[in-house]
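K.L.:
okay, here's the prediction I keep looking at, along with the sequence it came from:
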Amino acid sequence: MTKPVATRRGGTVRCAIYTRKSSEEGLEQEFNSLQAQREACEAFIASQRHEGWVCLRAGYDDGGFSGATMDRPALQRLLADITAGRVDTIVVYKIDRLTRSLADFAKIVEILDARGASFVSVTQQFNTTTSIGRLTLNILLSFAQFEREVIGERIRDKIAASKKKGMWMGGVPPLGYRAQDGKLVVIESEAEIVRMIFRRYAELGSVRLLKDEFEAREIKSKSWTTASGRRVGGKPFSRGALYLMLQNRLYRGEIVHKGQSHPGEHTPIIDPPLWNAVQVPLAANTAERNSGTRTRQPSLLAGRLFDADGHRMTPTHAAKKGTRYRYYVSRPPTADDRTNGSAALRIPAGEIEQAVTSRVRQWLVDPGSVYQSTRLADPSAQRRLIARAEEIGKSWPELPAARQRTFLTALIERIDVGANRIDIHLRPRRLSTLLDIAATSLSSATDEAQILSVPIKLRRSGRGIKMLIDGADPFAPAKPDARLIKLLIRARRFNATLVGSDGAPFTALAKREGVSPSYFTRLVRLSYLAPDITQAILDGRQPRDLTADKLLAHSRLPLAWHEQRTALGFA
């Protein structure tokens, strides 16, 4: 027991009792650890009544606070009262109740010295007013700090060992789970939201679009009540929260510790196919953000294209006057190639990507083709697959480039570019996995490839070879013909000249425009085209074989609009 300190304020020593307990366990009991500490301190103060010691009524109790930090409400209030001169001595049951840190102890002693105050431990004999007391206290605190660090190491080792066994080690359960008897249990209503987040990201390929969609549908994050009774969560998902969810391996049934994954004891919410379908675009988007290449157009068919000799075609590009042109090329030309006049295949990337994606989209939007290729045993799953495939086919241009590449890479095994056609080797059975529709096929056969073909023509052009795609492409982007549009504009101008001529002869009007009378007459007739034909030409939706020369050759078109459509190929 310590030697009593000098009395203050006319022989009275005002004593404040400080108590602390690291955890909240047992604090709800009628007689708990904090009360036991206080009773021991009150008894000690009573034994020093002859020295003028008086116990202050104010309680300084920190229940559920660690001694490793000074960020404790009651301790901060006590130090404030010492600074204000309202306390002369701190009385604690044991020194480690006040602090377990030498650095924090030095700060507390500095505050005590500034006000001429002291403190006493009722179970340890020292006094901070003497040098030997301070030495003893420092030694005791060193052991207290050592004990805290050892306990911390033991806890960390226990957590690591438990996580390796797949055990849940506490904390706030993520969306989709609740804690029960120290284990994670699936909440099915929340789990369906988690599955929806993964499915929609696999389809959209963009966290920003996913966030906007969930905000519009008013789907919110998990909410829970803290120990203090405060309600947390229940707000719209942020982009950061969605990124963390999509990368949380807990959802695939794993426990992660220091970057290492271990099989968990809990039930997974996300199955491996859907998890993999999400991680590929997620990693691609992350790589693009980190490298700053998001604005560059990716090579959708990289790793899948082969020429007629079986050589893999690789993406490359060339820059001319600040414009970047992308190509797919086969093997570099050799000396033998230059001798016998052979040329390496060099195809503009945009053209072949458009041809392949257009053919795949035609297959996706055709219910009969999808049904014949997949033949699922569950009719409802088959209907969902056909509907989702059609939705992907129609919304393809709106999909992010990373999502398009992921879809094509998973669905297409290889693409062979021959002299007369492109053969796309498709794996239709993978479609249900890509669209997260778990179902069994009617056929037990292996995942056989289906070939989709696109007719083409290869023509030599200088040192390279050009590709011409035969047939109309229903998904080809509109390409207005500048000559056709110029012809229609001139026809309208000639017609306006004729209307405002006050009966002037055609010869004079043609001479005024600088053309022959026959040319003037033919162009004026084109001003009477059906409005929908004119609009189609302006939009670039005219038949592929309709050129300016062909339109002029058809200048003696009938006045009936339906006959015009038949003559020009619009019917």
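P.N.:
Arrived safely, thanks for sending. Residues are numbered from 1 along each chain as shown.
K.L.:
from now on I want contacts and neighbour counts done on CA atoms only, so please keep to that.
P.N.:
Noted.
K.L.:
where do the helices of the stretch 101-250 of the chain begin and end?
P.N.:
Taking DSSP state H, counting those that start in this stretch as the test, the helices found in the stretch 101-250 of the chain are 102-115, 131-164, 188-204, 207-216, 239-247.
K.L.:
domain assignment for the chain?
P.N.:
By the assignment in automatic domain parsing, the chain contains the domains 13-149, 177-291, 305-469, 482-568.
K.L.:
mean neighbour count for the ones you listed - can I get that in CSV?
P.N.:
Formatted as CSV, the domains of the chain follow (neighbours: other Cα atoms under 10 Å):
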stretch, mean neighbour count
domain 13-149, 17
domain 177-291, 16
domain 305-469, 17
domain 482-568, 15
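K.L.:
out of those domains, nearest to I155?
P.N.:
domain 13-149 (9.8 Å; Cα to Cα).
K.L.:
ok so, going back, T406: which of the helices of the stretch 101-250 of the chain is closest?
P.N.:
helix 188-204 (9.3 Å).
K.L.:
avg pLDDT for the closest one?
P.N.:
Mean pLDDT, computed over helix 188-204, is 85.
K.L.:
what distance separates it from the middle of the whole chain?
P.N.:
Centre-to-centre, helix 188-204 and its host chain are 13 Å apart (Cα atoms, centre = their mean, to the nearest Å).
K.L.:
what packs against that helix?
P.N.:
helix 207-216, helix 272-291, helix 401-411 (3 or more Cα pairs under 8 Å, 6 or more residues apart in numbering; DSSP states H and E).
K.L.:
now with 7 Å?
P.N.:
helix 207-216, helix 272-291 (3 or more Cα pairs under 7 Å, 6 or more residues apart in numbering; DSSP states H and E).
K.L.:
got the contact list for that helix?
P.N.:
Contact with helix 188-204 is made by 175-176, 207, 210, 246, 269-270, 277-278, 399-400, 403, 436, as judged by Cα atoms under 7 Å, 6 or more residues apart in numbering.
K.L.:
cool, stretch 548-567 as well?
P.N.:
Residues contacting stretch 548-567 (Cα under 7 Å, 6+ apart): R483, L484, R522, R525, L526, A530, A571.
K.L.:
got the contact list for the fourth one?
P.N.:
If I follow you right, that is R525. Per Cα under 7 Å, 6+ apart, neighbours of R525: S555.
K.L.:
per-residue pLDDT, it?
P.N.:
pLDDT, R525: 85.
K.L.:
can I take it that it is in a helix?
P.N.:
Yes - assessed by DSSP: H, G, I helix; E, B strand; the rest coil, R525 belongs to a helix.
K.L.:
any idea how far it lies from L557?
P.N.:
Going from R525 to L557 by Cα to Cα, to the nearest Å gives 8 Å.
K.L.:
now swap in the second one and tell me
P.N.:
Computed with Cα to Cα, the distance linking L484 and L557 is 16 Å.
K.L.:
so where do the strands sit in the stretch 251-400 of the chain?
P.N.:
Assigned by DSSP state E, counting those that start in this stretch, the stretch 251-400 of the chain shows strands spanning 254-257, 260-263, 305-306, 314-320, 323-329, 346-348.
K.L.:
dump those strands to TSV, plus distance to A117 and mean pLDDT.
P.N.:
As requested, these are arranged in TSV below (distance: least, Cα to Cα, whole Å; pLDDT from 0 to 100):
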stretch	distance to A117	mean pLDDT
strand 254-257	47	77
strand 260-263	52	76
strand 305-306	83	89
strand 314-320	79	81
strand 323-329	78	83
strand 346-348	85	82
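K.L.:
relative to E390, how far out is the nearest residue in space to R388 that is not next to it in sequence?
P.N.:
Leaving out its chain neighbours, the residue that sits closest to R388 by Cα to Cα, 6 or more residues apart in numbering is L435, at 7.1 Å. Using Cα to Cα, L435 is found at 11 Å from E390.
K.L.:
re the thing from before, looking at the helices of the stretch 101-250 of the chain, which is closest to V454?
P.N.:
V454 lies closest to helix 188-204 among those, at 26.4 Å (Cα to Cα).
K.L.:
dump the C-alpha coordinates for the closest one into PDB.
P.N.:
The C-alpha coordinates for helix 188-204 follow below in PDB (Å, rounded to 0.1, in the frame of the first residue of the first chain):
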ATOM      1  CA  GLU A 188     -32.700 -15.700 -48.400                       C
ATOM      2  CA  SER A 189     -34.300 -12.300 -49.000                       C
ATOM      3  CA  GLU A 190     -31.000 -10.500 -48.800                       C
ATOM      4  CA  ALA A 191     -29.200 -13.300 -50.700                       C
ATOM      5  CA  GLU A 192     -31.400 -12.700 -53.700                       C
ATOM      6  CA  ILE A 193     -30.400  -9.000 -53.800                       C
ATOM      7  CA  VAL A 194     -26.700 -10.200 -53.700                       C
ATOM      8  CA  ARG A 195     -27.400 -12.600 -56.600                       C
ATOM      9  CA  MET A 196     -29.100  -9.800 -58.500                       C
ATOM     10  CA  ILE A 197     -26.100  -7.500 -58.000                       C
ATOM     11  CA  PHE A 198     -23.700 -10.100 -59.400                       C
ATOM     12  CA  ARG A 199     -26.100 -11.100 -62.300                       C
ATOM     13  CA  ARG A 200     -26.700  -7.500 -63.400                       C
ATOM     14  CA  TYR A 201     -23.000  -6.600 -63.200                       C
ATOM     15  CA  ALA A 202     -22.200  -9.700 -65.400                       C
ATOM     16  CA  GLU A 203     -24.700  -8.300 -67.900                       C
ATOM     17  CA  LEU A 204     -24.000  -4.600 -67.700                       C
END
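K.L.:
circling back to that earlier point, okay if I get the strands of the stretch 251-400 of the chain as TSV plus distance to V365?
P.N.:
Output for the strands of the stretch 251-400 of the chain, formatted as TSV (distance: least, Cα to Cα, whole Å):
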stretch	distance to V365
strand 254-257	38
strand 260-263	40
strand 305-306	24
strand 314-320	29
strand 323-329	28
strand 346-348	26
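K.L.:
out of these, which is closest to K164?
P.N.:
Closest approach to K164 among these (Cα to Cα): strand 260-263, 5.7 Å.
K.L.:
mind listing residues that contact the closest one?
P.N.:
Residues from elsewhere that reach strand 260-263 (Cα under 7 Å, 6+ apart): K164, G166, G253, E254, I255, V256.
K.L.:
what sits closest to the third one if chain neighbours are left out?
P.N.:
Leaving aside its sequence neighbours, G253 sits nearest to P268 (Cα to Cα, 6+ apart; 4.1 Å).
K.L.:
which ones are touching that neighbour?
P.N.:
Each residue near P268 by Cα under 7 Å, 6+ apart is listed here: Y251, R252, G253.
K.L.:
CSV for these, including pLDDT?
P.N.:
Shown next, in CSV, are the contacts of P268 (pLDDT from 0 to 100):
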residue, pLDDT
Y251, 87
R252, 85
G253, 82
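K.L.:
which of those sits closest to G171?
P.N.:
Minimum distance to G171 across those is 15.7 Å, recorded for Y251 (Cα to Cα).
K.L.:
for T433, what are its contacts?
P.N.:
By Cα under 7 Å, 6+ apart, the contact set of T433 is P273.
K.L.:
let me know the secondary structure of it.
P.N.:
When classified by three-state DSSP, T433 comes out as helix.
K.L.:
now D423: which helix or strand?
P.N.:
Here D423 is covered by strand 421-426, with elements defined by DSSP states H and E.
K.L.:
and R97, by the same measure?
P.N.:
Using DSSP H and E, R97 falls in helix 95-98.
K.L.:
likewise L559?
P.N.:
Following DSSP H and E, there is no helix or strand that holds L559.
K.L.:
still on that earlier bit, quick one, which of the strands of the stretch 251-400 of the chain is nearest to N495?
P.N.:
strand 323-329 (40.6 Å).
K.L.:
which other helices and strands contact the closest one?
P.N.:
Other elements packing on strand 323-329 under the criterion 3+ Cα pairs under 7 Å, 6+ apart are strand 314-320, strand 346-348, helix 349-364.
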